Each structure stands twice: as structure tokens, then as C-alpha cells.
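Engineer: predicted structure and sequence below. I'll ask about it afterward.
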Amino acid sequence: MTDGSRLLSLLTAPRSVSLVINAGIMLPVLFGALLGAGPAAATSLFADECPADAPLSCHANGDYKDTCCFNSPGGQLLLTQFWDTDPSTGPADSWTIHGLWPDNCDGSYEQFCAPQREVSNITEILTQSAPCTLKYMAKYWKDYHGDDEDFWEHEFNKHGTCISTLEPDCYADFEGRRDVVDFFKRAVMLFKTLPSYNWLAEAGILPSLTATYTLAQIQEALTAQHGHNVIINCNNNNEINELWYHYNVKGSIQEGDFIPAEPVGSPSTCKATGIKYLPKYTTGPPSTTTTTTSVPIPTGSPSQLSGKGRFYVSTDADSSGGFLISSGTWYRGGGTPATYTATPNADGETFTLSTSKGPCAVQADVLNCAASVSASDASFFGWDGSYLTYDDSNTFYATSLPSGTTQGVVYTVPKAVEIRASWIQS
Ligand SMILES: *[C@@H]1O[C@H](CO)[C@@H](O)[C@H](O)[C@H]1NC(C)=O
């Protein structure tokens with residue numbers, strides 16, 4: 001919302017007295033705006049001044065008609081997330097946003113509700129009105145075809161146009177596609193409260209080429225956090241690829257409260273057992289012959305890494321972070337990450353690393369795995385619960401983002417690009 005309308009809504013809110021004083025110099029302008037809006041209409045004109053007693057969506061008795069403050073008929077709001085592995089999208093250690101959907105209270109849904117409100121310039125709109133939201137979306141709201149703008153348009157045009165509280169008439173001063181801006185802002189805000197990767201990891205459910213999980217195990221981990229069941233979807237190979245978090249909303253989706261709700265509509269599609277949670281950015285079919293059991297490394301608390309695994313690189317600069325290859329360099333050109341072997345040290349905290357190239361050491365501030373590194377010179381590394389550490393820091397550096405077949409030298413001293421390495425146990 002614009003500052004002007006925020007003040008307008010504060011001024012007309014019950015608790016406005018002290019805020020009016022703070023608003024001070026704005027008062028004449030605000031009164032002008034109020035007068036311009038005319039006498040209060042029977043139904044609210046402003047989604048951002050919904051009454052505190054607006055009913056919870058899907059929980060009204062039918063008398064409540066103000067669809068600017070009460071999402072209807074799409075009162076079951078879903079924040080849906082993807083886990084894309086073929087091809088992979090987004091950070092290796094995060095789910096990505098699929099959308100924010102207004103389902104009806106029985107699980108059916110409307111779509112493409114307002115052709116005249118469809119947009120084809122979301123990037124432009126957000127560049128102008130919500131650049132931080134746009135930056136976040138570029139990392140976490142990914143199209144698996146690589147055309148994010150097209151995917152965002154699809155989501156707004158199909159679902160966003162069906163959210164009643166976003167209708168232009170609900171705004172006092174509708175301009176500059178506030179409906180679009182508010183839709184994406186709210187979806188991003190909600191997504192940030194739903195860190196599925198971490199929630200699953202805390203329950204020992206980590207991406208693996210070999211481990212399998214049960215639906216009950218995944219459901220339990222997510223329900224404990226969300227407070228209600230979550231819809232857990234798999235592809236035809238029983239590989240988990242989508243989560244649907246359900247909500248009812250009190251007030252508008254722009255400003256109201258999202259209250260977690262029990263799902264309605266279609267049930268989870270994953271089978272009860274044998275669910276795979278594949279790592280991102282691995283290529284080729286998962287091995288079916290290995291008998292190694294995967295031991296997930298719980299994230300959230302520091303521990304010693306042990307055994308074989310891969311390091312995936314994440315960076316704020318770009319969403320396809322790539323991974324470390326066998327010489328200890330950073331590679332974003334596709335293919336398969338190197339297998340690293342972590343060997344715990346007797347101190348109970350640190351470990352050494354080696355690859356097919358040889359032991360790994362930080363030499364002259366550069367990570368290097370090579371036969372020329374003698375085992376006794378191998379550096380001690382740590383794990384902070386989420387990322388590889390060296391010398392108590394989980395931040396490594398590169399001079400730039402490597403592209404194509406370029407290998408990026410990994411530094412332990414500050415350079416232009418900050419990177420972190422997450423571990424996927426083999
Ligand atoms: C987006 O497109 C619409 C319709 O073509 C146009 O009126 C509007 O100015 C554009 N918005 C931005 C921010 O470019």
C-alpha cells in the first residue's frame with residue numbers, strides 16, 4: 001500500500017488517536033482524502049480498513065456480504081510450494097513458491113475470473129512498486145521452464161483475479177496495479193513463514209538419492225509446525241514435489257490474518273510408504289542398486305560430517321547455485337557434483353574432506369583438493385547445522401559468478417560473491 005493510504009486507514013481505525021498526533025503535518029491532506037472518498041458506503045471501500053470483527057473466511061453464516069473484507073467465494077487460501085528436481089529450480093536447500101490460490105470452501109475453485117485484469121508485465125510492475133519482493137521472487141518463485149515472468153503471470157491471471165479482496169473496487173485509490181503488487185507481496189510474506197526444507201530437515205527428512213520416507217513421517221513433521229495437516233503431493237514415481245498449506249483468512253488477503261486450516265478438497269497424492277525426496281541439481285536416474293542407507297544430517301545444530309556426500313552451493317547473487325567439484329572449485333555448468341568424503345576428527349567437532357582428486361586443504365586462502373595435498377596437511381572443517389564452515393565462518397567467496405564451464409575458485413577471504421555450501425549425504 002502507499003503511505004497515503006496507510007495513513008488513511010490508520011486515521012479511520014479505532015486506535016487512531018495517538019497516530020493522528022504522530023501524523024501531524026499530514027492531517028490536512030488526509031482530511032482532503034477522506035472528504036474525497038465521500039460518505040462511508042454501506043460496504044467497505046477499502047480493503048485496508050476492514051473491521052476487526054470481519055468474519056473468518058469459510059466461517060460466516062452467509063449474512064456477511066462485504067467481499068472486500070471477507071474472501072468469498074474463494075475463502076480457502078492455499079500457499080503452495082514446489083520441490084523441483086527435473087529440472088531443478090531455486091536453492092538446493094529450499095522449496096520454492098508455486099502460488100497463492102483462493103479455493104472455495106468445499107475445495108472446488110474458480111479460475112481466470114477477470115480477463116480484463118490480466119497482466120503481462122509483472123516484472124515491470126514490481127520493479128516499480130516492490131523491488132524487494134521481486135528480488136525474492138527471482139530466487140524463490142521459479143518456473144521450471146526458466147520463464148519466471150510467464151509463470152507469475154499465469155499464477156496471477158488464473159488465481160489472483162479470483163481473490164475477492166483484491167478487486168480494484170476494494171481500494172480507495174486504485175492505481176498502478178496495487179492488486180498485483182499486493183498479491184505477490186502477500187504470497188512472499190506467507191512463504192517466508194513456511195520454511196518446509198528446514199522443518200523436514202529438523203525431523204531428519206533430508207533429500208537423498210536412496211532414502212525413502214513414509215507419508216505419516218512427512219505429515220507429522222509438517223503438521224507439528226503448521227498446526228494442521230498439509231497436502232503432500234508426489235509425481236508418478238512417488239517422488240515428493242509439492243506441498244499445499246491451507247488457510248482461512250480474517251479480513252482481506254492484503255492486510256488480514258491467515259489462520260492455518262485443515263485441508264479441504266483433494267487428498268495427498270504420495271503413497272503411504274516409499275516416498276523419495278530427491279536432491280536438487282543431480283542428474284541421471286537415482287541409483288537403484290546401492291544398499292547404502294542414507295543417514296540424514298540433522299540441520300539446525302552443529303555436528304561433525306561423516307561419510308560421503310555432496311556440497312551444493314547457494315549464493316544470493318543467483319538462484320542456480322551449482323555445486324563443488326572434485327578439485328574444490330565451484331561449478332554451475334550442470335552435470336553431477338563431486339562426492340566428498342568427510343572424516344571426523346577425534347576432537348568431536350571438526351572433520352577433514354577429500355575427493356577423488358585427493359585431500360582438501362585451504363592453501364593461500366583457497367580451497368584445494370589435490371593429490372599434492374598430503375593427508376597431514378588436510379584442513380579441519382566444521383558444520384554449523386546448515387552449512388560447511390572453515391575457521392568458524394560459513395561464508396566462502398568467489399570473485400564472480402562462474403558461467404558455462406568456468407570453475408570458480410573458492411576463497412576463504414572476502415571477494416565479490418558470498419557463497420555457502422550445504423551438504424547432501426549420499
Ligand atoms: C503494465 O502494462 C499496462 C497495460 O499494458 C500498462 O498500462 C502499465 O503502465 C504497465 N505498468 C508498468 C509498471 O510498466
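Structural biologist: Happy to help now that I have it. Residues are numbered from 1 along each chain as shown.

Engineer: what about the strands in the stretch 1-150 of the chain?
Structural biologist: Counting by DSSP state E, counting those that start in this stretch, the segments of the stretch 1-150 of the chain that form strands are 76-82, 96-103.

Engineer: show me what secondary structure element comes after the lengthiest helix in the chain.
Structural biologist: Secondary structure of the chain read by DSSP state H shows that its longest helix is helix 178-192. Beyond helix 178-192 in the direction of the C-terminus, DSSP states H and E gives the next helix or strand as helix 196-202.

Engineer: just list what that next one packs against, helices and strands only.
Structural biologist: Under the contact criterion of 3 or more CB pairs under 8 Å, 6 or more residues apart in numbering; DSSP states H and E, the helices and strands touching helix 196-202 comprise helix 215-226. In short, each C-beta sits where N, CA and C put it, glycine included.

Engineer: quick one: mean pLDDT over the helix it packs on.
Structural biologist: In this model, helix 215-226 carries a mean pLDDT of 98.

Engineer: cool, stretch 327-343 as well?
Structural biologist: When pLDDT is averaged over stretch 327-343, the result is 89.

Engineer: measure it end to end?
Structural biologist: From its first residue to its last, stretch 327-343 covers 17 Å (CA to CA, to the nearest Å).

Engineer: quick one: buried residues of it?
Structural biologist: Neighbour counts over stretch 327-343 (16 or more other CB atoms under 10 Å) mark 327-332, 337-338, 340-343 as buried.

Engineer: tabulate those residues (JSON lines), appending secondary structure and distance to the ligand.
Structural biologist: JSON lines is the format used below for the buried residues of stretch 327-343 (DSSP: H, G, I helix; E, B strand; the rest coil; distance: CB to the nearest ligand atom, whole Å):
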{"residue": "327", "secondary structure": "coil", "distance to the ligand": "46"}
{"residue": "328", "secondary structure": "coil", "distance to the ligand": "45"}
{"residue": "329", "secondary structure": "coil", "distance to the ligand": "41"}
{"residue": "330", "secondary structure": "strand", "distance to the ligand": "36"}
{"residue": "331", "secondary structure": "strand", "distance to the ligand": "37"}
{"residue": "332", "secondary structure": "coil", "distance to the ligand": "31"}
{"residue": "337", "secondary structure": "coil", "distance to the ligand": "40"}
{"residue": "338", "secondary structure": "coil", "distance to the ligand": "44"}
{"residue": "340", "secondary structure": "strand", "distance to the ligand": "46"}
{"residue": "341", "secondary structure": "strand", "distance to the ligand": "52"}
{"residue": "342", "secondary structure": "strand", "distance to the ligand": "49"}
{"residue": "343", "secondary structure": "strand", "distance to the ligand": "55"}
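
Engineer: ok, back up a step: which other residues reach the longest helix of the chain?
Structural biologist: Identification of contacts with helix 178-192 by CB atoms under 8 Å, 6 or more residues apart in numbering yields 1-2, 79, 81, 97, 99-100, 117, 119, 122, 125-126, 129-130, 133-134, 136-137, 140-141, 152, 156, 160, 163, 166-168, 171, 247, 253-254, 258.

Engineer: narrow those residues to those that are buried.
Structural biologist: So, of those, 1, 79, 81, 97, 99-100, 117, 119, 122, 125-126, 129-130, 133-134, 136-137, 140-141, 152, 156, 160, 163, 166-167, 171, 247, 253-254, 258 end up buried under the neighbour-count rule (16+ other CB under 10 Å).

Engineer: hmm, back to that, biggest separation within the buried residues of stretch 327-343, which pair?
Structural biologist: 332 and 343 (27.5 Å; CB to CB).

Engineer: now do stretch 401-414: distance to the chain's middle.
Structural biologist: Averaging C-alpha coordinates over stretch 401-414 and over its chain gives two centres that are 25 Å apart (CA atoms, centre = their mean, to the nearest Å).

Engineer: mind listing what's buried along it?
Structural biologist: Residues of stretch 401-414 classed as buried under the neighbour-count rule (16+ other CB under 10 Å) are 401-402, 407-412.

Engineer: same thing with stretch 138-151?
Structural biologist: So stretch 138-151, judged by 16+ other CB under 10 Å, has buried residues 139-143, 148, 151.

Engineer: and residue 251, how far is that from residue 166?
Structural biologist: Counting by CB to CB, to the nearest Å, the separation of residue 251 from residue 166 is 13 Å.

Engineer: try residue 330
Structural biologist: For residue 330, the distance to residue 166 under the criterion CB to CB works out to 42 Å.

Engineer: next: residue 182.
Structural biologist: Counting by CB to CB, the gap between residue 182 and residue 166 amounts to 6 Å.

Engineer: who touches both of the two?
Structural biologist: Shared contacts of residue 182 and residue 166 (CB under 8 Å, 6+ apart): 253-254.

Engineer: contact partners for residue 350?
Structural biologist: Each residue near residue 350 by CB under 8 Å, 6+ apart is listed here: 304, 344, 380-382.

Engineer: do that again at 7 Å, thanks
Structural biologist: 380-382 (CB atoms under 7 Å, 6 or more residues apart in numbering).

Engineer: ok, now which ones touch residue 409?
Structural biologist: For residue 409, the contacting residues are 329, 366, 398, taking CB under 7 Å, 6+ apart as the criterion.

Engineer: apologies, that question was intended for residue 420.
Structural biologist: With contacts taken as CB under 7 Å, 6+ apart, residue 420 has the following neighbours: 314, 387, 394-396.

Engineer: cutoff 10 Å now
Structural biologist: 91, 93, 311-316, 321, 384, 386-389, 393-396 (CB atoms under 10 Å, 6 or more residues apart in numbering).

Engineer: give me the phi and psi angles of residue 337.
Structural biologist: For residue 337, the backbone dihedrals (degrees, to the nearest 10) come out as phi -60, psi 150.

Engineer: with adjacent residues omitted, what lies nearest to it?
Structural biologist: Once flanking residues are discounted, residue 337 sits nearest to residue 323: 3.6 Å by CB to CB, 6 or more residues apart in numbering.

Engineer: quick check on that neighbour: phi, psi?
Structural biologist: phi -160, psi 180.

Engineer: can you report how many residues lie near it?
Structural biologist: With neighbours defined by other CB atoms under 10 Å, the count for residue 323 comes to 24.

Engineer: the protein: helices as residue ranges?
Structural biologist: In chain order, the chain shows helices spanning 3-12, 17-23, 27-37, 122-129, 131-140, 148-158, 178-192, 196-202, 215-226, with DSSP H as the criterion.
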